[in-house]
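>>> Requesting a structural model of the entry that follows:
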Amino acid sequence: MDTQALAAFIEVADSASFTRAAERLHLSQPAISKRLKALEEQIGHRLFDRVGRSVLLTDAGAALLPYARRALQTVEDGRRALSQLSGQVSGRLSIGTSHHIGLHRLPPVLKRYVHQFPDVDLDLHFMDSEDACEAVLAGRLEMGIVTLPLQPLIHLDSGVVWPDPLAVVTAPTHPLAGQRRVRLEDLARHPAVLPDEDTYTHRIIRAELQARGVAPRVRLATNYLETLKMLAAIGLGWSVLPESMIDDSLCRLNVQGFKPHRDLGWVRHTGRAVSGPARVLLELLSETH
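Now for the predicted structure:
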């Protein structure tokens, strides 16, 4: 079977949309439809039903999907293994990373990388850390550079690159700003703006608070730390942000017994071959400690 057709089939199945699949594969929607039509003719079964605006797998599509995933993963593993045979580091490296890491941590590493290995085609995707881990598990990405989960995920190897201590912050005009010490009970009486509850960072913060019997009053949640910084700075609520983001627009609170911490680092699938481009990136990341 044509691996490009299988890739189109998997993307449409995962996104339930021809349009989103075309965007992810950097193709036109007619090109996606053409590849799927060729695949359907080859196997003799219709793979999708269109119901209104929804795209649903047929029984044949659902049966084919796990085999298509394994076939593409096997081909990708072969490509990665072959890339190790040559002394020259080249080929494609697909990475998922969060906006925060991509803006604040990765640029110096990637600058060195593209200078030292110009023959590597970096395929960089910005997404939530949780989605990047899922994409690595599914074989859509080779690596994630992410906020590491509280508990290790099955089939994911990981390594800490940047310890990332967090701090409670408010606007300088907040009622708690300027106090020498703040109790958690006092903090809980004021509204908070925090990372979305589905994020690893939110889970880290909430676990720390729950261990001390405190439940935050969340006024607003978003995945973007830069947005949270702005919301806290204008006085919408207190927040928890990386210490590295604190500047004159924020006031750091000294909260008794509350020192949340997260780790930023890499993840990769334990059952997949490591390509040459991924190997040298892991070496560069290990040097950034």
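>>> Now do the strands in the stretch 151-289 of the chain.
156-170, 191-195, 217-222, 239-242, 251-252, 261-269 (DSSP state E, counting those that start in this stretch).
>>> Report all helices and strands that the last one contacts.
Secondary-structure packing of strand 261-269 (3 or more C-beta pairs under 8 Å, 6 or more residues apart in numbering; DSSP states H and E): helix 129-138, strand 143-147, strand 156-170, helix 200-210, helix 276-286. Yep, even glycine has a C-beta here, placed from its N, CA and C like the rest.
>>> Residue 122: which of these is closest?
helix 276-286 (8.2 Å; C-beta to C-beta).
>>> Mind listing residues that contact the closest one?
The contact list for helix 276-286 (C-beta atoms under 8 Å, 6 or more residues apart in numbering) reads 80, 83-84, 86, 89-93, 95, 109, 112-113, 116-117, 120, 142-143, 145, 159, 161, 265-266, 268, 274.
>>> now that helix against strand 261-269, angle please.
160 degrees (axes from the mean of the first three to the mean of the last three C-alpha atoms, to 10 degrees).
>>> and the helices and strands packed on strand 261-269 as CSV, adding mean pLDDT and distance to residue 6?
Below are the helices and strands packed on strand 261-269 laid out as CSV (pLDDT from 0 to 100; distance: least, C-beta to C-beta, whole Å):
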stretch, mean pLDDT, distance to residue 6
helix 129-138, 91, 14
strand 143-147, 96, 22
strand 156-170, 95, 24
helix 200-210, 89, 31
helix 276-286, 93, 22
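>>> Next secondary structure element downstream of the longest helix along the chain?
Counting residues, the longest helix found in the chain (DSSP state H) is helix 59-83. The element immediately downstream of helix 59-83 (helix or strand, assigned by DSSP states H and E) is strand 91-97.
>>> Walk me through the domains of the protein.
1-83, 162-263 (automatic domain parsing).
>>> Mean neighbour count and distance to residue 281 added to those domains, as a markdown table?
Shown next, in a markdown table, are the domains of the chain (neighbours: other C-beta atoms under 10 Å; distance: least, C-beta to C-beta, whole Å):
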| stretch | mean neighbour count | distance to residue 281 |
| --- | --- | --- |
| domain 1-83 | 16 | 13 |
| domain 162-263 | 17 | 15 |
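>>> Indicate which one of those domains is closest to residue 125.
It's domain 1-83; of the domains of the chain, that one is closest to residue 125 (C-beta to C-beta) at 8.8 Å.
>>> The helix or strand of the chain with the lowest mean pLDDT - contacts with which helices or strands?
Every helix and strand of the chain was ranked by mean pLDDT, DSSP states H and E. The lowest is helix 59-83, at a mean of 82. Judged by 3+ C-beta pairs under 8 Å, 6+ apart, helix 59-83 is in contact with helix 3-15, helix 276-286.
>>> For the first one, report the contacting residues that lie outside it.
When contacts are taken as C-beta under 8 Å, 6+ apart, the neighbours of helix 3-15 outside the stretch itself are 18, 20-21, 24-25, 27, 32, 35-36, 38-39, 42, 47-48, 55, 57, 61, 64-65, 68-69, 71-72, 75, 138.
>>> Of all residues in this protein, which one is nearest the centre?
The centre of the chain sits closest to residue 129, judged by C-alpha atoms, centre = their mean, with a distance of 2.6 Å.
>>> now the nearest residue to residue 223 once chain neighbours are set aside: how far from residue 130?
Take residue 223 and drop its neighbours on the chain: the residue closest to it by C-beta to C-beta, 6 or more residues apart in numbering is residue 196, 4.9 Å away. Going from residue 196 to residue 130 by C-beta to C-beta, to the nearest Å gives 10 Å.
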